[in-house]
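# okay, here's the prediction I keep looking at, along with the sequence it came from:
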Amino acid sequence: MARYTGPKSKIARKFKEPIFGPDKALEKKNYPPGQHGLSKKRAKQSEYAVQLMEKQKAKYTYGILEKQFAKIFDKAARSHGITGEVLLQLIESRLDNVVYRLGIAPSRRAARQLVSHAHITVNGSVVNIASFTLKAGDVIGVREKSQSLETIVNSISGTVNKYPWLEFDRNSMSGKFINRPERSQIPENIKEQLIVELYSK
């Protein structure tokens, strides 16, 4: 599956947020990248530019490409509820994101790799599709042959279950997707209404 593999610090500086995790480069240079750095006078952004930036931030944060993101938005728009909230709930329900949230992987990129390499199971069956959408009650686990992998062991050793919509048992290396999270339970700093306005144009 295609995914963004470019420089992460540059993207984090663009949004002025550590969207890929702690970043020393962002701490040292908390301003957008560019030849002239802080000395360049930046024009006021248009409404469209602000909305587009918010969508790009969401895509980079969750590691989703344009076509896939548009499909998720379309599904959210056709669902009951507030479109922006449903959008984030659908993204949070992706298997790669839940593997990351459970602490089985240290990052979403690492979680995607574990899923695509068939190390993760859903309800006892191996699922190697990162975008697989989980439903309430689904049990996510680490395949028995993969439970000794250093990446997984190291990640789980420091796991603290911070999310009320998930349960995790460190001994069995398995977790449960209880339900879709409420918007207030999603920690990402994303203004989803701007994304809705962008797609509504």
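Received, thanks. All figures in this text were calculated on a predicted structure; none of them were measured in a lab.
# quick check: domain ranges of this structure?
Residue ranges for the domains of the chain, per automatic domain parsing: 8-90+188-199, 94-179.
# could you pull out the helices for the chain?
In the chain, the segments counted as helices under DSSP state H are 8-15, 24-28, 47-62, 66-77, 83-92, 95-102, 108-116, 150-157, 192-199.
# just the buried residues of the longest one, please?
In this case it means helix 47-62. Of the residues in helix 47-62, those scored as buried under the neighbour-count criterion (16 or more other C-beta atoms under 10 Å) are Q51, M53, E54, K55, Q56, K57, A58, K59, Y60, T61, Y62. For the C-beta atoms, the positions are set from N, CA and C on the backbone; glycine is no exception.
# which of those residues sits closest to K191?
Proximity of the buried residues of helix 47-62 to K191 was ranked by C-beta to C-beta; the top entry is E54 with 5.3 Å.
# next up, the contacts around that closest one.
Applying C-beta atoms under 8 Å, 6 or more residues apart in numbering to E54 gives the contacts I190, K191, E192, L194, I195, L198.
# apply 7 Å and report the result again.
With contacts defined as C-beta atoms under 7 Å, 6 or more residues apart in numbering, E54 is in contact with I190, K191, L194, I195.
# ok, P106 next?
Contact analysis of P106 by C-beta under 7 Å, 6+ apart lists S155.
# in JSON lines, list the domains of the chain along with mean pLDDT.
Below are those laid out as JSON lines (pLDDT from 0 to 100):
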{"stretch": "domain 8-90+188-199", "mean pLDDT": "80"}
{"stretch": "domain 94-179", "mean pLDDT": "95"}
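# if you tally nearby residues, what's the number for V122?
In terms of burial, V122 registers 19 neighbours under the definition other C-beta atoms under 10 Å.
# residue contacts, it?
Contact analysis of V122 by C-beta under 7 Å, 6+ apart lists L95, F132, D138, I140.
# roughly how far does it sit from R108?
When C-beta to C-beta, to the nearest Å is the yardstick, V122 and R108 sit 17 Å from each other.
# go on, D96?
The value you get for D96 to R108, if C-beta to C-beta is used, is 6 Å.
# so between the two, which is more surrounded?
Relative neighbour count places D96 above the other of D96 and R108, with 26 against 22, counting by other C-beta under 10 Å.
# list phi and psi for the closest residue to that one other than its chain neighbours.
Excluding the flanking residues, the one nearest D96 by C-beta to C-beta, 6 or more residues apart in numbering is A130, at 3.9 Å. The phi and psi values for A130, taken as degrees, to the nearest 10, are phi -60, psi -30.
# many thanks, I have nothing further to ask.
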